[in-house]
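In: I would like to see how this sequence folds:
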Amino acid sequence: MKAIHFLALGILFLTYNVSDAQTWTKLGSAKVTGASDHDEIWVTGIQGNFTAIKLFVENEGIEFDRVAVTYGNGTKDEMEIRNFIKAGEETRVLDLRGGDRVIRKIDFWYKSNPNTKRKAQVIVYGRR
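Out: Modelled structure (predicted):
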């Protein structure tokens, strides 16, 4: 009987993780060369509304300052990050004001090491 309970809990845990992972959609990415302190990602081909975003970093860490989200109607939402994100890690979840929103573009400001051979890649995910 205990085995059935553990099996049921295991299935519930796996179902929760799979459904949680499916709520995030890749919105776009940008290679950070270190030549500037600002990049933008145009969100094209993605339809629908989003309630939050997060930025994932690959290859090299980045010191993020802030991010600005421009919505489909032209309004902007600027959020401070002020955190160093290591390669393989992501920012905290950044909730979008006003509930579900259509995203046109995402700007982010940062500091990176221009002398490193490995250039960081920033990938933005949106949660529906």
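In: Let me see the contact set for Glu78.
Out: The contact partners of Glu78, by CB atoms under 8 Å, 6 or more residues apart in numbering, come to 66-69. Where C-beta positions appear, they are placed from N, C-alpha and C, glycine not excepted.
In: ok, then the element right after the helix or strand of the chain with the lowest mean pLDDT?
Out: Least confident helix or strand, the chain: helix 2-21 with a mean of 45, by mean pLDDT, DSSP states H and E. The first helix or strand that comes after helix 2-21 along the chain, using DSSP states H and E, is strand 24-32.
In: Tell me the helices and strands packed up against that next one.
Out: The contact analysis (3 or more CB pairs under 8 Å, 6 or more residues apart in numbering; DSSP states H and E) places strand 24-32 against strand 38-42, strand 103-111, strand 120-127.
In: Which helix or which strand is home to the residue nearest to Phe64 when sequence neighbours are not counted?
Out: Residue nearest to Phe64 in three dimensions, not counting chain neighbours: Ile81, with 3.9 Å by CB to CB, 6 or more residues apart in numbering. Using DSSP H and E, Ile81 maps to strand 76-85.
In: Tell me the buried residues in that strand?
Out: For strand 76-85, a neighbour-count test (16 or more other CB atoms under 10 Å) marks 77, 79, 81, 85 as buried.
In: so who does the residue most central in space within the chain touch?
Out: In the chain, the C-alpha nearest the mean C-alpha coordinate belongs to Lys54, at 2.3 Å (CA atoms, centre = their mean). Counting by CB under 8 Å, 6+ apart, Lys54 makes contact with 24, 90-94, 124-125, 127.
In: Good, we can wrap up now.
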